[in-house]
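Trainee: Take a look and give me a structure for this.
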Amino acid sequence: MTLLGHRGPDYSDDISIGDVHLAHSRLSIIDLSEASNQPLWDAEKKACIVFNGEIYNYQTLRDELEVLGYLFHSDGDAEVLVNLYLEYGENLFDRVNGIYAFAIWDVKNAQLLIARDPFGVKPIYYHQNDTGFYFASEIKSLLQVESLERVISYDTLLRSLVFLWSPGEFTLLEGVKKIKPGHFLIIKNKRIILDQCFWSWPDYNPEKQSSSKAIELISEAIAQSVKEQMIADVPVGAFLSGGVDSSLLVALAKPMARESMECFTIDLGESDGEFIDDLPYAKKVSQYLSVPLNILNITPDIASLLPKMVYHLDELQADPAAINVLLISEFARQKGIKVLISGAGGDDIFTGYRRHYALSMECYWSWLPKSFRVRLKRISGALPKGSVLGRRLSKAFKYADLDSSERLISYFYWIDPEIVRDLFEDNIKRSLDKTPMAFLQKDLDSQQIESPLERMLYLERRYFLVDHNFNYTDKMSMCAGVEVRVPFLDKRVAMAASKIKTNLKQKGSHGKWILKKVAEKLLPKEVIYRPKTGFGAPIRKWIASDLVAVVDDLLSEKRISQRGIFKYSEVRKIIDDNSAGKEDYSYTIFALMCFEIWCQKFIDDI
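Mentor: Okay, the predicted model is just below:
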């Protein structure tokens, strides 16, 4: 439990009920008193809960339970949740609105229920073997289980290098899995007896309605979500990049804040041409809304921060945006802020990523015979990779020869899977799954969705948002003792978005059209219609300058050979081709570096 102390620095405890052991580290946000410390029993000691997250509608639920005769000894949401289970059992989830990962031990039935929130905001991992069933919010805690063998999943490693994150329930360790979003498990006699989905994203079912009606529908849903998510017994702050997502949420949240709403942004002071400077827009929004803006002025020492980032992420994620979340969360905590509002999810629900625009342009060429598409791929692949335009055009047509579903998945690739396959030593390469992305394609094809963009949004929400954005957002904020809330992730918002036509989300080159229309009532147009940027860092510049010595160290012939997973000659070729400008492998190199650090932390050390 000490390995998870950063997630709950306010209180920690554990309890043993026969051979069932529950432990909890608490970050106090609702009901700061000792009465809400966990593990927590109901009044009659019929069930015991450990719970990470927040139930936003807990006060309404408590009122309903009190009418039914339930007694409460605290003013928190954990006790509401355990009593809700006693009343409704596995049917409790329809009534709950929140972000959570929790486990409830049911004394009468001698079974454990473990659940993860519908959107996968909060992480939960598990391991099962002959000695028992083990679960935790982070993988590093599970590594204390002596019977857990540290065997690397090479198929997961391949996908992690291709995507820069790991989609689905798989992790880099063969014996550890994630509980899927919107799922619960029932554990009895140390074995999983049920794995059930209790919520999934509503199907795309656009209604015939005017643009103004659609805007009103989305506006009301988001406003309701923000109102509920502002509930806390501690000050609530916000990320403020100056983009439409975070700015809109701050505009809605400010009138509901009990105190001055502290906002936070970061000034990296440099760019590699990919990232537009956010700071002027963040300042403009701050002034327009009259909210205090805390600016973290840094030039991060990426080499010293990398080990901390990799350790706390648990999973292999080669996205330097995680460092930004870490630094802002630490800064906020120093200012006494335990809760931050984030605009995560806006792009995944309403569009906004560059790949959404690229996909919408496919109608001009995807109908071409495969032979022509192969030629298009070859021509674009010959473009120079030293420029932003060259890289983007090359990436846009890199998989033009593939068929529909496979090509759609390829929009998430950062490197050709076959190039990654060739990195592995021959004995490992032979053992790799021949179709490592098949489960993604099967899932996508099982959805009754005709619109290519809605099909992509399904992948965004089901995998990218959960396994990429939420993993680093939760891990990096919680390592600083800060909870991040995401108002775009709400059942009402999800339902409203499912009723909106695709062309009101992506209009030509304009992503998030409908969200921007919602924002027009609250924000200046120069902020709403600013150029799109990413919450990232100049990784290409770092690889070519600040991190050269680190690359040479972590990916040296000695280290690669000792690890015994990759061929040094192939790794070196990627480094040299990137340096020469033949290909853009910056993020792959960064991923390989992160993997070596991950091995040192999770295979060698713990």
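Trainee: pLDDT below threshold where in the protein?
Mentor: 1, 269-276, 300, 533-536, 606 (pLDDT under 70).
Trainee: which one's the longest helix in it?
Mentor: The longest helix of the chain (DSSP state H) is helix 211-229.
Trainee: could you say what helices and strands that helix packs with?
Mentor: Applying 3 or more Cβ pairs under 8 Å, 6 or more residues apart in numbering; DSSP states H and E, one finds that helix 211-229 makes contact with helix 244-253, helix 491-498, helix 513-519. Any C-beta I mention is one placed from the backbone N, CA and C, and that applies to glycine too.
Trainee: Can you name the next helix or strand after the last one?
Mentor: In this case it means helix 513-519. Downstream of helix 513-519, the first helix or strand assigned by DSSP states H and E is helix 525-528.
Trainee: Only alpha carbons, please: show that next one as PDB.
Mentor: Provided in PDB are the C-alpha atoms of helix 525-528 (Å, rounded to 0.1, in the frame of the first residue of the first chain):
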ATOM      1  CA  LYS A 525     -14.400  34.300 -31.100                       C
ATOM      2  CA  GLU A 526     -10.600  34.800 -31.400                       C
ATOM      3  CA  VAL A 527     -10.300  32.100 -28.700                       C
ATOM      4  CA  ILE A 528     -13.000  29.800 -30.100                       C
END
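Trainee: how much space between the spatially most central residue of the chain and Ala322?
Mentor: A centroid search over the chain (Cα atoms, centre = their mean) returns Phe470, at 1.9 Å, as the residue closest to the centre. According to Cβ to Cβ, to the nearest Å, Phe470 stands 12 Å off from Ala322.
Trainee: How about Lys338?
Mentor: Applying Cβ to Cβ to Lys338 and Ala322 gives a distance of 20 Å.
Trainee: who's more crowded, the two?
Mentor: Ala322 (26 against 22; other Cβ atoms under 10 Å).
Trainee: which residue sits closest to that one in space, ignoring its chain neighbours?
Mentor: Tyr472 (3.9 Å; Cβ to Cβ, 6 or more residues apart in numbering).
Trainee: Contact partners for the one you found?
Mentor: Applying Cβ atoms under 8 Å, 6 or more residues apart in numbering, one finds that Tyr472 lies in contact with 313, 317, 319, 321-322, 325.
Trainee: The helix or strand where it lies: what's the following helix or strand?
Mentor: Secondary structure assignment for Tyr472, by DSSP H and E: helix 471-478. Per DSSP H and E, the first helix or strand lying C-terminal to helix 471-478 is strand 483-485.
Trainee: in stretch 185-193, what's buried?
Mentor: Using 16 or more other Cβ atoms under 10 Å as the test for burial, stretch 185-193 gives 185-187.
Trainee: right, I mislabeled it, should have said stretch 432-448
Mentor: Buried-residue list, stretch 432-448, by 16+ other Cβ under 10 Å: 432, 436-437, 440, 443-444.
Trainee: quick one: which of the residues you listed is nearest Val551?
Mentor: Relative to Val551, the closest of these is Leu432; by Cβ to Cβ it sits at 25.1 Å.
Trainee: what are the phi and psi angles of that closest one?
Mentor: For Leu432, the backbone dihedrals (degrees, to the nearest 10) come out as phi -70, psi 150.
Trainee: phi, psi of Ile266?
Mentor: For Ile266, the backbone dihedrals (degrees, to the nearest 10) come out as phi -130, psi 140.
Trainee: How about it: what's its closest non-neighbour residue?
Mentor: Nearest non-adjacent residue to Ile266 (Cβ to Cβ, 6+ apart): Leu296, at 4.8 Å.
Trainee: and the next element down the chain from the helix or strand hosting that neighbour?
Mentor: Element membership for Leu296, per DSSP H and E: strand 293-297. Once strand 293-297 ends, the next helix or strand along the chain (criterion: DSSP H and E) is helix 302-313.
Trainee: now the next helix or strand after that following helix against helix 471-478, angle please.
Mentor: Counting by DSSP H and E, the element after helix 302-313 in chain order, helix or strand, is helix 321-334. Interaxial angle of helix 321-334 relative to helix 471-478 (axes from the mean of the first three to the mean of the last three Cα atoms, to 10 degrees): 30 degrees.
Trainee: Start the count at 798 instead of 1 going forward.
Mentor: Let's use 798 as the start, then, which means that last one is helix 1118-1131.
Trainee: contacts for helix 1118-1131?
Mentor: Taking Cβ under 8 Å, 6+ apart as the rule, helix 1118-1131 contacts 1034, 1036, 1059, 1061-1063, 1065, 1091, 1093, 1095, 1097, 1099, 1102, 1105-1106, 1109-1110, 1137, 1269-1270, 1272-1274, 1276-1279, 1281, 1331-1334.
Trainee: now swap in stretch 926-942 and tell me
Mentor: 798, 800-801, 804, 816, 849, 898, 900, 909, 911, 919-925, 944-945, 947, 968, 970, 972-973, 976, 984, 987-989, 1108, 1111-1112, 1272, 1275, 1398-1399, 1403.
Trainee: tell me which residues in it are buried?
Mentor: Result for stretch 926-942 [16+ other Cβ under 10 Å]: buried residues 929-940, 942.
Trainee: So which of the residues you listed sit within strands?
Mentor: 929-933 (DSSP state E).
Trainee: Can I get the residues you listed in JSON lines including distance to Pro1052?
Mentor: As requested, these are exported to JSON lines (distance: Cβ to Cβ, whole Å):
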{"residue": "Gly929", "distance to Pro1052": "50"}
{"residue": "Phe930", "distance to Pro1052": "46"}
{"residue": "Tyr931", "distance to Pro1052": "45"}
{"residue": "Phe932", "distance to Pro1052": "40"}
{"residue": "Ala933", "distance to Pro1052": "39"}
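Trainee: can you tell me which two in the residues you listed are farthest apart?
Mentor: Between any two of these (Cβ to Cβ), the greatest distance is 13.1 Å, for Gly929 and Ala933.
Trainee: Domain-wise, how is this structure divided?
Mentor: 799-994, 1008-1148+1262-1325, 1335-1403 (automatic domain parsing).
Trainee: Looking at the ones you listed, spot the one closest to Ile1216.
Mentor: Of the domains of the chain, nearest to Ile1216 by Cβ to Cβ is domain 1335-1403, at 7.8 Å.
Trainee: right, and Ser833 touches Leu878 too?
Mentor: No: Ser833 is beyond contact range of Leu878, at 11.2 Å (criterion: Cβ atoms under 8 Å).
Trainee: Nearest to Ser1376 among the buried residues of stretch 982-990?
Mentor: Closest approach to Ser1376 among the buried residues of stretch 982-990 (Cβ to Cβ): Leu982, at 47.5 Å.
Trainee: Work out for me the element Glu1393 sits within.
Mentor: With DSSP H and E as criterion, Glu1393 is part of helix 1383-1396.
Trainee: I'd like to check the angle between that helix and helix 1099-1110, please.
Mentor: Using the same axes, to 10 degrees: helix 1383-1396 against helix 1099-1110 is 60 degrees.
Trainee: got a list of contacts for stretch 834-842?
Mentor: Taking Cβ under 8 Å, 6+ apart as the rule, stretch 834-842 contacts 808, 810-812, 819-821, 823, 844-848, 867-871, 875-876, 879-880, 883, 904.
Trainee: Please check those and keep the buried ones.
Mentor: Buried, going by 16+ other Cβ under 10 Å: 812, 819-821, 823, 844-848, 867, 871, 875-876, 879-880, 883, 904, out of the contacts of stretch 834-842.
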